[in-house]
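# sequence below, structure please.
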Amino acid sequence: MTSTEFSELQRTIGQLRHCVGALRARYGDVPAVQRLTNDLERIDIDAGDLVAAPAAPAPRVPVFAETEFVHIPDTPYDPALWQGADDEGVGGYQR
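Next up is the predicted model:
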């Protein structure tokens, strides 16, 4: 996280802290305000953890390359493959 990003995050958290304080002044210490205060503290802790974290991990690489295709033949499957299988909701194969 760059110092600019962290500064912006801290500024936004400060604004949110101000808003939650205004809500507390208006509504008192009701459960909803307590939850907002708790969430705000958790956000502040998580933001601090980001600063202490090492560099961001590399993005995941897809398993298949975008140009890789899997060929599925148009030929019918071997009927023995379905021997003993039932179709759900149809009542099964006639034996």
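# the helix ranked longest in the chain: which residues count as buried?
Across the chain, the longest stretch assigned as helix under DSSP state H is helix 3-27. Within helix 3-27, the residues that qualify as buried by neighbour count (16 or more other Cβ atoms under 10 Å) are 9, 20. Where you see a C-beta, it was placed from the backbone N, CA and C, and this is true even at glycine.
# what is the mean pLDDT for that helix?
Computed over helix 3-27, the mean pLDDT rounds to 94.
# which neighbouring elements make contact with the helix or strand just after that helix?
Sequence-wise, the next helix or strand downstream of helix 3-27 (DSSP states H and E) is helix 31-52. If you count contacts as 3 or more Cβ pairs under 8 Å, 6 or more residues apart in numbering; DSSP states H and E, helix 31-52 packs onto helix 3-27.
# and the helix it packs on, what does it pack onto?
Packing contacts for helix 3-27, counted by 3+ Cβ pairs under 8 Å, 6+ apart, involve helix 31-52.
# got the CA coordinates for the helix it packs on in PDB?
The C-alpha trace of helix 31-52 is given here as PDB (Å, rounded to 0.1, in the frame of the first residue of the first chain):
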ATOM      1  CA  PRO A  31     -27.000  -1.200  19.800                       C
ATOM      2  CA  ALA A  32     -26.800   0.000  16.200                       C
ATOM      3  CA  VAL A  33     -24.400   2.800  17.100                       C
ATOM      4  CA  GLN A  34     -22.300   0.300  19.200                       C
ATOM      5  CA  ARG A  35     -22.000  -2.000  16.200                       C
ATOM      6  CA  LEU A  36     -21.000   0.900  13.900                       C
ATOM      7  CA  THR A  37     -18.300   1.900  16.500                       C
ATOM      8  CA  ASN A  38     -17.100  -1.700  16.700                       C
ATOM      9  CA  ASP A  39     -17.000  -2.000  12.900                       C
ATOM     10  CA  LEU A  40     -15.100   1.300  12.700                       C
ATOM     11  CA  GLU A  41     -12.500   0.000  15.200                       C
ATOM     12  CA  ARG A  42     -12.100  -3.200  13.200                       C
ATOM     13  CA  ILE A  43     -11.600  -1.200  10.000                       C
ATOM     14  CA  ASP A  44      -8.900   0.900  11.700                       C
ATOM     15  CA  ILE A  45      -7.100  -2.200  12.900                       C
ATOM     16  CA  ASP A  46      -7.300  -3.800   9.500                       C
ATOM     17  CA  ALA A  47      -5.900  -0.700   7.800                       C
ATOM     18  CA  GLY A  48      -3.000  -0.700  10.200                       C
ATOM     19  CA  ASP A  49      -2.400  -4.400   9.400                       C
ATOM     20  CA  LEU A  50      -2.100  -3.500   5.700                       C
ATOM     21  CA  VAL A  51       0.700  -1.000   6.400                       C
ATOM     22  CA  ALA A  52       2.600  -3.700   8.300                       C
END
